[in-house]
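Enquirer: Need the 3D shape of this:
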Amino acid sequence: MKNKNNYLFALFAITLLSIEGSFSQTYKIVDTGQEIFFGNSVSISEPLEGSAFYGQDASYSGNQPSYTDNGNGTVTDNVTGLMWQQSADLNGDGFINVDDKLSWAEAVAAADTFSLGGYDDWRLPSIKEQYSLILFSGLDPSGYEGTSTDDLVPFIDTEFFEFGYGDQDAGERIIDAQFATTTIYVSTTMMGDETMFGVNFADGRIKGYGTGPMPGQTDPKQFYVLYVRGNPQYGVNDFIDNLDGTITDNATGLMWMQDDNGTGVLWDAALDYAENFEFAGYDDWRLPNVKELQSIVDYTRSPATTSSAAINSMFSSSQIIDEGEDINYPFYWSATTHASWVTAAQGANAAYVCFGEALGWMEMPPESGNYTLLDVHGAGAQRSDPKTGNPSDYPHGHGPQGDVIRIYNYVRLVRDITSDIESQGVFNDEMYIFPNPVDTHLNFNLLNADKNVDFSILNTSGQVVITGTLQNQENNIINVEMLNAGVYFLSVTTTSGFYFDKFVKE
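Expert: Take a look at the predicted model:
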């Protein structure tokens, strides 16, 4: 027993010093769910490695979306450990419409008294928590002139979540399905408006929305709401400067290039650049999907408030001269196509994230022919650009806010650090804790072990607080009801290596 304890203490120390984040991913990014391959305009067959358009979102499989319907109006995300309100039908009348919407201030306040599924610790999500739900199997309905939404596909899993488009009977647009978050822009948009970042599950975007009245109205803008609970560390990065031009985020299990590529390129060139890049001894760099890219936005920073891009100061970002001849920071391509309902051009746009201001040409006053360049949606927004074309063809941008169209966007590469861990024989993706955080028990899957194995649970001081045996099976139940609330570590040792992961006891 003494030798085992010494081993566990050594393992504990090693983990805290070097690889804890690899096993303790408090911020696991759910894959976008994009399975279709696209060229510059339409879907294509799966490209072979080394060929054009290889390396796009569908070429890589991340943490696949996995949900559990708890049967009580809540849904658990099995990847993130977050529990969600299942329906935006706040008033419980069986319809999701304008009557369910709240102003931003109302949404924040209502969380204090919201109760569902036997829980009363619900909160309004942050933008990173809310974006965890977005799926790019959706189709952007922008430009759709019909009234039926039957053939439209939203950017959220409707097998588990009840979703409603904008309430056309109340004069809303189909795309008016913006959801409230707690994330307030550190700068302002438009003409000095206080701005909240929200996800639109109708059209697949993050934009900044004013928290006050819309032009010509007296009441504040209204939003749909989905409350969340659990995993308070979700969305919190844990960056480590590797001192070799790379940055590791232990919270997500991703390694990033510290610098960007330094110039704007077309989308297919971005893919090619990523797939042929070697740096710091690694040749498995790739263009990040849009959810991975959004994970490194720092919503406490902006050009107007910190004179920097909206990213941690460990990273370097190129400066650009924007469309208004001011110093700004780039949009960055993702590997994710922002698919449209327009079949002939379904794959013509790719998603990008604004690390500088999300600029737009606003006609002021309307129909005057006078355009003013404004930060319309904030540094940290996610929009999309055509994959090819000439930016000069869009002198006043595109859409109701005149989103600037650049087409030539910048690149920041990513790779998975779990591949490094697997090569050391200390990680098995068939082992995992569920749920996390836990209340009274945790489940642990143990597959392909040679026999039943012992486990230990340690506290943050390295003391063993629970021991036991796991069966070689799915769904081992470990009772942790006796533990106080806090952070703990589960250690499992097999002949093929060891597993060490962190969990939170609520």
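Enquirer: residue ranges with poor pLDDT in the stretch 251-400 of the chain?
Expert: The stretch 251-400 of the chain contains no residues with pLDDT under 70.
Enquirer: the helices in it, which residues?
Expert: For the stretch 251-400 of the chain, helices defined by DSSP state H, counting those that start in this stretch occupy the ranges 267-275, 290-294, 303-306.
Enquirer: Quick one, which of the ones you listed gets closest to H398.
Expert: helix 267-275 (16.3 Å; CB to CB). In short, each C-beta sits where N, CA and C put it, glycine included.
Enquirer: packing partners for the closest one?
Expert: Helices and strands touching helix 267-275, by 3 or more CB pairs under 8 Å, 6 or more residues apart in numbering; DSSP states H and E, are strand 331-337.
Enquirer: lowest confidence element among the helices and strands of this structure?
Expert: helix 20-23 (a mean of 38; mean pLDDT, DSSP states H and E).
Enquirer: Show the subsequent helix or strand relative to that helix.
Expert: strand 37-38 (DSSP states H and E).
Enquirer: just checking, what packs against that next one?
Expert: Here strand 37-38 touches strand 43-44, going by 3+ CB pairs under 8 Å, 6+ apart.
Enquirer: Deepest-packed of the helices of the stretch 251-400 of the chain, please.
Expert: Mean neighbour count (mean count of other CB atoms under 10 Å) peaks for helix 290-294 among those, with a mean of 25.
Enquirer: now what about it, what contacts it?
Expert: With contacts defined as CB atoms under 8 Å, 6 or more residues apart in numbering, helix 290-294 is touched by 29-32, 57, 62, 128, 131-132, 134, 136, 206, 252, 254, 332, 334-336, 351-353, 382, 412, 414.
Enquirer: if you set the cut-off to 6 Å instead, what comes out?
Expert: Identification of contacts with helix 290-294 by CB atoms under 6 Å, 6 or more residues apart in numbering yields I29, T32, Y131, S334, T336, A351, V353, Q382, V414.
Enquirer: Pipe the helices of the stretch 251-400 of the chain into CSV and attach distance to S318 per row.
Expert: Rendered in CSV, the data for those read as follows (distance: least, CB to CB, whole Å):
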stretch, distance to S318
helix 267-275, 14
helix 290-294, 15
helix 303-306, 13
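Enquirer: Ok, which of these comes nearest V228?
Expert: Nearest of these to V228, taken as CB to CB: helix 290-294 at 16.4 Å.
Enquirer: quick one on the thing from earlier: Q471 is nearest to which of the helices of the stretch 251-400 of the chain?
Expert: Using CB to CB, the nearest of the helices of the stretch 251-400 of the chain to Q471 is helix 290-294, at 34.6 Å.
Enquirer: S66: which of the helices of the stretch 251-400 of the chain is closest?
Expert: If you check each of the helices of the stretch 251-400 of the chain against S66 by CB to CB, helix 290-294 wins as the nearest, at 14.8 Å.
Enquirer: In contact with L102, which residues?
Expert: Contact partners of L102, counting by CB under 6 Å, 6+ apart, are V225.
Enquirer: scratch that, M314 is what I was asking about
Expert: M314 neighbours (CB under 6 Å, 6+ apart): F239, D241, I247.
Enquirer: For burial, what's the neighbour tally of the first one?
Expert: The one in question is F239. 19 (other CB atoms under 10 Å).
Enquirer: So what does it look like in phi/psi?
Expert: Main-chain torsions, F239, degrees, to the nearest 10: phi -80, psi 140.
Enquirer: switch to numbering from 38
Expert: OK, 38 is where the count begins now, so the last one is F276.
Enquirer: Which stretch among the helices of the stretch 288-437 of the chain approaches T380 most closely?
Expert: Proximity to T380, assessed across these by CB to CB, is greatest for helix 304-312 (19.7 Å).
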